[in-house]
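Undergrad: what follows is a protein structure lacking sequence information:
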(Lines give C-alpha, C1' and ligand atoms only; values in the text may rest on other atoms or scores of the structure.)
Protein backbone atom coordinates (compact mmCIF):
# COMPACT_ATOMS: atom_id res chain seq x y z
CA UNK A 1 0.00 0.00 0.00
CA UNK A 2 1.04 3.58 -0.69
CA UNK A 3 3.06 4.79 2.31
CA UNK A 4 1.16 8.09 2.35
CA UNK A 5 -2.15 6.21 2.58
CA UNK A 6 -0.77 4.21 5.51
CA UNK A 7 0.34 7.43 7.15
CA UNK A 8 -3.15 8.93 6.71
CA UNK A 9 -4.81 5.91 8.30
CA UNK A 10 -2.34 5.83 11.20
CA UNK A 11 -2.97 9.52 11.87
CA UNK A 12 -6.60 9.89 10.75
CA UNK A 13 -7.88 10.85 14.19
CA UNK A 14 -5.29 13.59 14.71
CA UNK A 15 -5.64 14.82 11.13
CA UNK A 16 -9.42 15.04 11.47
CA UNK A 17 -9.04 17.08 14.65
CA UNK A 18 -6.60 19.43 12.93
CA UNK A 19 -8.37 19.62 9.54
CA UNK A 20 -12.03 18.78 10.21
CA UNK A 21 -14.06 18.17 7.06
CA UNK A 22 -11.22 19.28 4.84
CA UNK A 23 -9.62 17.53 1.89
CA UNK A 24 -5.90 16.99 2.45
CA UNK A 25 -3.24 16.02 -0.06
CA UNK A 26 -0.31 14.11 1.43
CA UNK A 27 3.15 13.76 -0.08
CA UNK A 28 6.19 12.43 1.77
CA UNK A 29 4.00 11.57 4.75
CA UNK A 30 3.10 15.21 5.34
CA UNK A 31 0.05 17.32 4.54
CA UNK A 32 1.02 19.59 1.66
CA UNK A 33 -2.36 21.06 0.66
CA UNK A 34 -5.69 21.59 2.41
CA UNK A 35 -8.97 22.36 0.65
CA UNK A 36 -12.61 22.85 1.38
CA UNK A 37 -14.40 19.96 -0.34
CA UNK A 38 -16.44 22.44 -2.35
CA UNK A 39 -13.24 24.05 -3.70
CA UNK A 40 -12.00 21.03 -5.60
CA UNK A 41 -12.86 17.74 -7.26
CA UNK A 42 -11.22 14.36 -7.72
CA UNK A 43 -9.63 15.26 -11.06
CA UNK A 44 -8.10 18.48 -9.76
CA UNK A 45 -6.76 16.61 -6.75
CA UNK A 46 -5.23 13.90 -8.94
CA UNK A 47 -3.59 16.52 -11.13
CA UNK A 48 -2.20 18.33 -8.09
CA UNK A 49 -1.06 15.14 -6.35
CA UNK A 50 0.88 14.05 -9.41
CA UNK A 51 2.49 17.46 -9.76
CA UNK A 52 3.47 17.80 -6.12
CA UNK A 53 4.85 14.27 -5.90
CA UNK A 54 6.58 14.64 -9.28
CA UNK A 55 5.05 11.37 -10.37
CA UNK A 56 5.84 9.61 -7.10
CA UNK A 57 3.64 8.43 -4.25
CA UNK A 58 0.90 10.65 -2.92
CA UNK A 59 -2.53 10.24 -1.37
CA UNK A 60 -5.54 12.30 -0.44
CA UNK A 61 -8.55 11.95 1.76
CA UNK A 62 -11.56 13.81 3.01
CA UNK A 63 -11.41 14.06 6.79
CA UNK A 64 -15.08 13.71 7.57
CA UNK A 65 -16.25 14.25 11.12
CA UNK A 66 -19.60 12.65 10.34
CA UNK A 67 -20.43 10.07 12.97
CA UNK A 68 -22.63 7.06 12.81
CA UNK A 69 -22.23 6.57 9.09
CA UNK A 70 -19.82 3.65 9.26
CA UNK B 1 -17.75 -0.60 6.02
CA UNK B 2 -14.44 1.18 6.00
CA UNK B 3 -13.00 4.22 4.29
CA UNK B 4 -10.18 3.78 1.83
CA UNK B 5 -8.79 4.66 -1.53
CA UNK B 6 -8.88 2.82 -4.82
CA UNK B 7 -8.12 3.57 -8.46
CA UNK B 8 -10.93 3.97 -10.94
CA UNK B 9 -10.62 4.27 -14.70
CA UNK B 10 -11.64 7.77 -15.77
CA UNK B 11 -12.66 7.83 -19.44
CA UNK B 12 -12.29 11.61 -19.43
CA UNK B 13 -8.51 11.18 -19.00
CA UNK B 14 -8.34 7.68 -20.47
CA UNK B 15 -6.40 6.56 -17.40
CA UNK B 16 -6.85 5.57 -13.78
CA UNK B 17 -7.25 8.15 -11.03
CA UNK B 18 -7.12 7.76 -7.26
CA UNK B 19 -10.46 8.17 -5.54
CA UNK B 20 -11.74 7.94 -1.98
CA UNK B 21 -14.14 5.09 -1.39
CA UNK B 22 -16.35 3.32 1.07
CA UNK B 23 -15.44 -0.38 1.08
CA UNK B 24 -18.68 -2.13 1.87
CA UNK B 25 -18.88 -5.91 2.06
CA UNK B 26 -22.61 -5.49 2.60
CA UNK B 27 -23.13 -3.88 -0.80
CA UNK B 28 -23.75 -6.41 -3.56
CA UNK B 29 -22.45 -4.10 -6.27
CA UNK B 30 -20.30 -1.01 -6.52
CA UNK B 31 -21.94 2.40 -6.67
CA UNK B 32 -20.90 5.68 -8.26
CA UNK B 33 -22.62 8.97 -7.44
CA UNK B 34 -24.00 10.54 -10.60
CA UNK B 35 -22.05 13.78 -10.19
CA UNK B 36 -18.76 11.85 -10.02
CA UNK B 37 -19.79 9.65 -12.96
CA UNK B 38 -20.43 12.81 -14.96
CA UNK B 39 -17.07 14.31 -13.96
CA UNK B 40 -15.17 11.14 -14.89
CA UNK B 41 -17.35 10.58 -17.99
CA UNK B 42 -18.55 7.18 -16.85
CA UNK B 43 -21.65 6.55 -18.91
CA UNK B 44 -24.72 4.94 -17.37
CA UNK B 45 -26.51 2.39 -19.52
CA UNK B 46 -30.20 2.48 -20.33
CA UNK B 47 -30.63 -0.57 -18.15
CA UNK B 48 -32.03 0.03 -14.72
CA UNK B 49 -31.96 -2.13 -11.65
CA UNK B 50 -34.82 -2.17 -9.19
CA UNK B 51 -33.80 -2.59 -5.57
CA UNK B 52 -35.76 -2.59 -2.39
CA UNK B 53 -34.62 -0.98 0.79
CA UNK B 54 -36.39 -0.10 3.98
CA UNK B 55 -39.55 1.90 3.28
CA UNK B 56 -38.89 2.70 -0.36
CA UNK B 57 -38.01 1.05 -3.65
CA UNK B 58 -34.90 2.34 -5.40
CA UNK B 59 -34.51 2.33 -9.15
CA UNK B 60 -30.97 2.96 -10.33
CA UNK B 61 -29.15 3.07 -13.66
CA UNK B 62 -26.48 0.46 -14.27
CA UNK B 63 -22.97 0.95 -15.59
CA UNK B 64 -19.62 -0.82 -15.79
CA UNK B 65 -16.55 0.54 -14.05
CA UNK B 66 -12.92 -0.53 -14.09
CA UNK B 67 -11.26 -0.63 -10.68
CA UNK B 68 -7.63 -1.20 -9.83
CA UNK B 69 -6.30 -2.31 -6.48
CA UNK B 70 -2.59 -3.07 -6.18
CA UNK B 71 -1.82 -5.01 -9.39
CA UNK B 72 -5.37 -6.27 -9.91
CA UNK B 73 -7.67 -4.63 -12.46
CA UNK B 74 -11.25 -5.78 -12.93
CA UNK B 75 -14.35 -4.55 -14.76
CA UNK B 76 -17.41 -4.79 -12.54
CA UNK B 77 -21.07 -3.81 -12.58
CA UNK B 78 -22.03 -0.68 -10.70
CA UNK B 79 -25.08 1.43 -10.10
CA UNK B 80 -25.28 5.17 -10.59
CA UNK B 81 -27.13 7.01 -7.88
CA UNK B 82 -28.01 10.64 -7.60
CA UNK B 83 -27.03 12.47 -4.43
CA UNK B 84 -28.97 15.76 -4.61
CA UNK B 85 -26.69 18.77 -4.40
CA UNK B 86 -28.29 20.00 -1.19
CA UNK B 87 -27.06 16.80 0.48
CA UNK B 88 -23.50 17.37 -0.71
CA UNK B 89 -22.84 20.43 1.39
CA UNK B 90 -23.03 21.50 5.00
CA UNK B 91 -26.37 22.67 6.26
CA UNK B 92 -26.60 26.45 6.52
CA UNK B 93 -26.80 27.77 10.11
CA UNK B 94 -30.36 29.01 9.60
CA UNK B 95 -31.46 26.09 7.51
CA UNK B 96 -34.34 24.01 8.77
CA UNK B 97 -33.92 20.53 7.43
CA UNK B 98 -34.18 16.97 8.60
CA UNK B 99 -30.95 15.77 7.05
CA UNK B 100 -27.64 15.62 8.96
CA UNK B 101 -25.53 18.79 9.05
CA UNK B 102 -22.66 16.99 7.35
CA UNK B 103 -22.34 16.42 3.61
CA UNK B 104 -23.37 12.96 2.42
CA UNK B 105 -20.60 10.38 2.65
CA UNK B 106 -20.82 9.80 -1.10
CA UNK B 107 -20.31 13.48 -1.93
CA UNK B 108 -16.74 12.60 -2.89
CA UNK B 109 -16.55 8.81 -2.70
CA UNK B 110 -17.62 5.73 -4.56
CA UNK B 111 -18.81 2.49 -2.98
CA UNK B 112 -16.61 -0.55 -3.57
CA UNK B 113 -18.99 -3.46 -3.22
CA UNK B 114 -18.72 -7.18 -2.78
CA UNK B 115 -18.74 -7.80 -6.54
CA UNK B 116 -15.22 -6.32 -6.66
CA UNK B 117 -14.02 -7.35 -3.21
CA UNK B 118 -14.86 -11.00 -3.89
CA UNK B 119 -12.59 -10.99 -6.97
CA UNK B 120 -9.50 -10.35 -4.85
CA UNK B 121 -7.38 -13.04 -3.29
CA UNK B 122 -7.37 -13.28 0.49
CA UNK B 123 -4.23 -11.20 0.98
CA UNK B 124 -5.34 -8.38 -1.34
CA UNK B 125 -8.82 -8.33 0.19
CA UNK B 126 -7.32 -8.06 3.64
CA UNK B 127 -5.11 -5.13 2.62
CA UNK B 128 -8.07 -3.38 0.96
CA UNK B 129 -10.19 -3.74 4.06
CA UNK B 130 -7.49 -2.75 6.52
CA UNK B 131 -6.80 0.66 4.93
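TA: Arrived safely. Here the structure is a predicted model, which is why all the values come from computation and not from measurement. Residues are numbered from 1 along each chain as shown, chains lettered A, B, ... in the order given.
Undergrad: beta partners of residue A:31?
TA: Note on residue A:31: beta-bridge partners by DSSP bridges are residue A:26.
Undergrad: one more: residue B:10?
TA: With DSSP bridges as the rule, residue B:10 is bridged to residue B:15.
Undergrad: now residue B:39: how far from chain A?
TA: Computed as CB to the nearest CB, to the nearest Å, the residue B:39 to chain A distance reads 6 Å. For glycine as for every other residue, the C-beta is placed from the backbone atoms N, C-alpha and C.
Undergrad: can you read off the pLDDT for that residue?
TA: On the pLDDT scale, residue B:39 is placed at 96.
Undergrad: and it, which of the three is it?
TA: Each residue gets one of three states, and residue B:39 gets helix by DSSP: H, G, I helix; E, B strand; the rest coil.
Undergrad: let's see the pLDDT reported for residue 15.
TA: This is for chain A. For residue A:15, the pLDDT comes out at 96.
Undergrad: that's the other chain; I wanted chain B
TA: If you check residue B:15, the pLDDT there is 96.
Undergrad: buried set for stretch B:38-56?
TA: B:40, B:42, B:44 (16 or more other CB atoms under 10 Å in any protein chain shown).
Undergrad: for the last one, give me its contacts.
TA: Right, residue B:44. Neighbouring residues of residue B:44 by CB atoms under 8 Å, 6 or more residues apart in numbering or on different chains: B:34, B:37, B:61-63, B:80.
Undergrad: so it versus residue B:81, what's the distance?
TA: For residue B:44, the distance to residue B:81 (CB to CB, to the nearest Å) stands at 10 Å.
Undergrad: so what's in contact with the two at the same time?
TA: By CB under 8 Å, 6+ apart, the residues touching both residue B:44 and residue B:81 are residue B:34.
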